[in-house]
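Visitor: How does the following fold in three dimensions:
(one chain, ligands or ions: 2)
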Amino acid sequence: MGKRVEDAFFKKVTAAKTDFPVGVEALYEAAQKKFEKNPFGYIYSGASGEETLRNNRRAFERWAIVPRFLTDVSEVDTSVTLFDKTYATPILFAPVGMQKLAHEEAELATSRAAAKFGIPFIQSTVSSYSIESIREATTDSPKWFQLYWSTVDEELPKSMVQRAERAGYEAIVLTIDTVRIGWRETDLRNQFSPLKGGLGKANYVEDPVFQRSLRDDSEEALIDALVQHVHHPTLGWEQIEKLQSWTDLPIVLKGILHPEDAKEAVARGIDGIVVSNHGGRQLDGVIASLDALPAVAEAVAGRIPVLFDSGVRSGVDVVKALALGADAVCVGRPYIYALGIDGERGVTTWVEHLLEEVTASIALAGANSVKQVRKLTLVENK
Ligand SMILES: Cc1cc2nc3c(=O)[nH]c(=O)nc-3n(C[C@H](O)[C@H](O)[C@H](O)COP(=O)(O)O)c2cc1C
Ligand SMILES: CCCCCCC(=O)C(=O)O
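Guide: Ligands and ions are numbered 1, 2, ... in the order given. Coordinates of the predicted model:
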């Protein structure tokens, strides 16, 4: 008897019809119908003329996998090890703030869905639910905390890091590409700020250090204080050294695009990096994240994990990013669209599709593990 081949595709095409959209375009269209116009604009759009947003996708289309055949792919190991922990898949949920824009249950729903698959959930500083409430919703699942530095009062990031540590979070992801917010023309046209209505405040209002920066208890004072704390134009290596002294958790820098910044991060004892252009939402005209990846991975030369995000929409994209040097891949907007379409159930179904496509793509490329994917040949389309 040979090994039994688990082919999720045939199970799916013969199963009862799912009403969940299949594929990136259907997902986007369903989300557009379901969301209100302004929140949707905030989520999907990029900065300025959206050149980088478009190039993030074009970069994926430029690369082609050259598969190998006649290898045993009956079993595919999708696990990866990051900071001495093994995760079942090479996927992480990127930090996305203010998820109540998409659904009332927001991060409670997305973190629960991630937990079902052992996917690390990276919680944003500006999340709709606090560190403590998300910990309560998903006690045993892997969670990382994304940090926005505060230049106004450095006791605030220190306090948040300590809260994340106490709640059992496994890593701190410091975002370095948001010294200020990008020029987001869709929001300007819509006159839309997600901070209005109190979105993004949960971690702040529960923090005693933040409380002391409020001039009064009006909503205006709250929003002013949030904006002041989120921006961090003076963030530099000196502050990162402070962060290193506050915690023993692995520190990951999110937003690296230049190989020299990656080398500097390694030299300064940083534990990991995320190659990212923030999904094209910060400086428009910057290099597509996938185009930055090979040179950054070469500069790091396996000394620390290199994570990747910006533009990942499918299992094939995951394989391409891994083959071009990523150790693991974060996805952003798609899981938020799934959240808006059908809450926790929507995110769960979307992840099922993604993971099945990842496994099928790895096997069809002729690999049977993430380690082997990293040795695949990719060429640039003519
Ligand atoms: C609505 C929205 C909110 C985001 N909020 C944050 C955030 O709070 N912190 C952060 O580091 N990145 C944030 N990001 C950026 C994501 O972490 C990630 O870099 C980006 O979405 C990846 O690109 P993709 O959406 O093309 O997958 C946000 C992205 C979106 C779409
Ligand atoms: C002043 C609040 C800004 C939150 C920024 C969230 C984010 O990173 C994004 O891309 O949007």
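Visitor: Tell me where the stretch 251-382 of the chain has strands.
Guide: Along the stretch 251-382 of the chain, counting by DSSP state E, counting those that start in this stretch, strands occupy 251-256, 272-275, 306-308, 328-331, 377-380.
Visitor: longest helix of the chain?
Guide: Counting by DSSP state H, the longest helix found in the chain is helix 333-364.
Visitor: Let me see the mean pLDDT of it.
Guide: The average pLDDT within helix 333-364 is 98.
Visitor: can you check stretch 257-270 too?
Guide: pLDDT averaged over stretch 257-270 gives 98.
Visitor: who's in contact with that stretch?
Guide: Stretch 257-270 is contacted from outside by 237, 240-241, 244, 251-253, 256, 273, 275-277, 286-287, 289, 292, 295-296, 298-300, 303-304, 306, using C-beta atoms under 8 Å, 6 or more residues apart in numbering. Where C-beta positions appear, they are placed from N, C-alpha and C, glycine not excepted.
Visitor: Would you tell me whether that stretch gets close to ligand 1?
Guide: No. Stretch 257-270 does not reach ligand 1 (C-beta under 6 Å from any ligand atom); its nearest approach is 11.8 Å.
Visitor: quick one: buried residues of that stretch?
Guide: By neighbour count on 16 or more other C-beta atoms under 10 Å, the buried set for stretch 257-270 is Leu257, Pro259, Ala262, Ala265, Val266, Ile270.
Visitor: List the ones among those residues that fall in helices.
Guide: Among these, the members found in helices (DSSP H) are Pro259, Ala262, Ala265, Val266.
Visitor: which one of those residues sits closest to Gln372?
Guide: Ala262 (24.3 Å; C-beta to C-beta).
Visitor: Can you give me the distance of the closest one to Ala328?
Guide: Ala262 sits 16 Å away from Ala328, going by C-beta to C-beta, to the nearest Å.
Visitor: ok, now which ones touch Lys196?
Guide: Ile223.
Visitor: Phi, psi for it please.
Guide: Backbone torsions for Lys196, taken as degrees, to the nearest 10, come to phi -60, psi 140.
Visitor: so how many other residues sit close to Leu92?
Guide: 26 (other C-beta atoms under 10 Å).
Visitor: Would you confirm that it belongs to a helix?
Guide: No. Assigned with DSSP: H, G, I helix; E, B strand; the rest coil, Leu92 falls outside any helix and is strand.
Visitor: pLDDT value on Val196, please?
Guide: For the record, residue 196 is Lys, not Val. For Lys196, pLDDT reads 86.
Visitor: pLDDT weak spots in the stretch 201-350 of the chain?
Guide: Within the stretch 201-350 of the chain, no stretch falls below the threshold (pLDDT under 70).
Visitor: Ligand 1 contacts on that one?
Guide: Lys254, Ser276, His278, Gly279, Arg281, Asp309, Ser310, Gly311, Val312, Val331, Gly332, Arg333.
Visitor: Now for those residues, which sits with the most neighbours around it?
Guide: The residue in those with the most neighbours, by other C-beta under 10 Å, is Ser310 (34 neighbours).
Visitor: what's the burial count for the residue in the stretch 101-250 of the chain that ligand 2 sits nearest to?
Guide: Nearest to ligand 2 in the stretch 101-250 of the chain, going by C-beta to the nearest ligand atom, is Val230, at a distance of 4.2 Å. Per other C-beta under 10 Å, the neighbour tally for Val230 reads 22.
Visitor: isn't it right up against Val179?
Guide: No. Under the criterion of C-beta atoms under 8 Å, Val230 is not in contact with Val179, lying 10.2 Å apart.
Visitor: can I get the buried residues of stretch 257-270 in TSV with distance to Ala171?
Guide: Listed next are the buried residues of stretch 257-270 as TSV, based on distance: C-beta to C-beta, whole Å:
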residue	distance to Ala171
Leu257	21
Pro259	23
Ala262	17
Ala265	14
Val266	17
Ile270	11
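Visitor: if I pick Gly279, what's in contact with it?
Guide: Counting by C-beta under 8 Å, 6+ apart, Gly279 makes contact with Gly46, Leu53, Asn56, Ala94, Asp309, Ser310, Gly311, Gly332, Arg333.
Visitor: Mind doing that once more with 7 Å?
Guide: By C-beta atoms under 7 Å, 6 or more residues apart in numbering, Gly279 lies in contact with Ser310, Gly332, Arg333.
Visitor: can you narrow the residues of the stretch 201-350 of the chain next to ligand 1 to ones near ligand 2?
Guide: Answer for those near ligand 2 (C-beta under 6 Å from any ligand atom): His278, Arg281.
Visitor: Mind putting the residues of the stretch 201-350 of the chain next to ligand 1 into a markdown table with distance to Val66?
Guide: Output for those, formatted as a markdown table (distance: C-beta to C-beta, whole Å):
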| residue | distance to Val66 |
| --- | --- |
| Lys254 | 31 |
| Ser276 | 27 |
| His278 | 31 |
| Gly279 | 28 |
| Arg281 | 33 |
| Asp309 | 25 |
| Ser310 | 24 |
| Gly311 | 21 |
| Val312 | 20 |
| Val331 | 25 |
| Gly332 | 28 |
| Arg333 | 29 |
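Visitor: three-state assignment of the closest residue to ligand 2 within the stretch 51-200 of the chain?
Guide: Nearest residue of the stretch 51-200 of the chain to ligand 2: Gly97, at 4.1 Å (C-beta to the nearest ligand atom). Using three-state DSSP, the structure places Gly97 in coil.
Visitor: What does the pLDDT read for Lys12?
Guide: Lys12 carries a pLDDT score of 79 in this model.
Visitor: what about it, which helix or strand?
Guide: Assessed by DSSP states H and E, Lys12 sits inside helix 8-14.
Visitor: ok so, going back, ligand 2: which of the contacts of Gly279 is nearest?
Guide: Nearest to ligand 2 out of the contacts of Gly279 is Gly332 (C-beta to the nearest ligand atom; 8.7 Å).
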